[in-house]
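Engineer: Need coordinates for the following:
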Amino acid sequence: MPLNIISSFFVGDGEKTRFSTSVRDIHSSNILVFVNGIIQIPDQDYVADYYDVSFSIAPFAGAN
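Structural biologist: Residues are numbered from 1 along each chain as shown. Purely as a prediction, here's the structure:
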């Protein structure tokens, strides 16, 4: 079965902690999240559920 790789990019505003992706059924165990190239720790730095990625602390303004 081929592996599907999908990338989504968002820009932080320093306040927003929840970002909606176009990917259904994501979970912290099946995605990689980076903020400015630094990998984030699942279930500590962020939680992924259904379509959303929610950060424990909002990414700073201009972060991608």
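Engineer: Cross-check the contact I'm expecting between Ala58 and Thr17.
Structural biologist: Yes. Taking contacts as C-beta atoms under 8 Å, Ala58 lies within contact range of Thr17: 4.7 Å. No exception for glycine: its C-beta is placed from N, CA and C like everyone else's.
Engineer: Quick check: the gap between the residue nearest to Ser29 when sequence neighbours are not counted and Lys16.
Structural biologist: Nearest non-adjacent residue to Ser29, counting by C-beta to C-beta, 6 or more residues apart in numbering: Pro42, 6.8 Å away. Per C-beta to C-beta, to the nearest Å, Pro42 is found 19 Å from Lys16.
Engineer: What of Asp49?
Structural biologist: 16 Å.
Engineer: neighbour-wise, which of these two wins?
Structural biologist: Set Asp49 next to Lys16 and count neighbours by other C-beta atoms under 10 Å: Lys16 wins out with 14 against 11.
Engineer: So for that one, what's the nearest residue that isn't a sequence neighbour?
Structural biologist: Leaving aside its sequence neighbours, Lys16 sits nearest to Ala58 (C-beta to C-beta, 6+ apart; 5.9 Å).
Engineer: and the one you found, how many residues sit next to it?
Structural biologist: 14.
Engineer: Got the phi and psi for it?
Structural biologist: Reported as degrees, to the nearest 10, the phi and psi values for Ala58 are phi -60, psi 130.
Engineer: In this structure, where is pLDDT below threshold?
Structural biologist: Scanning the chain for pLDDT under 70 picks out the ranges 1-2.
Engineer: where exactly do the strands run in it?
Structural biologist: 18-20, 26-27, 34-35, 38-39, 46-50, 52-55 (DSSP state E).
Engineer: Dump the ones you listed to a markdown table, plus distance to Phe9.
Structural biologist: As requested, these are exported to a markdown table (distance: least, C-beta to C-beta, whole Å):
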| stretch | distance to Phe9 |
| --- | --- |
| strand 18-20 | 10 |
| strand 26-27 | 15 |
| strand 34-35 | 10 |
| strand 38-39 | 15 |
| strand 46-50 | 15 |
| strand 52-55 | 12 |
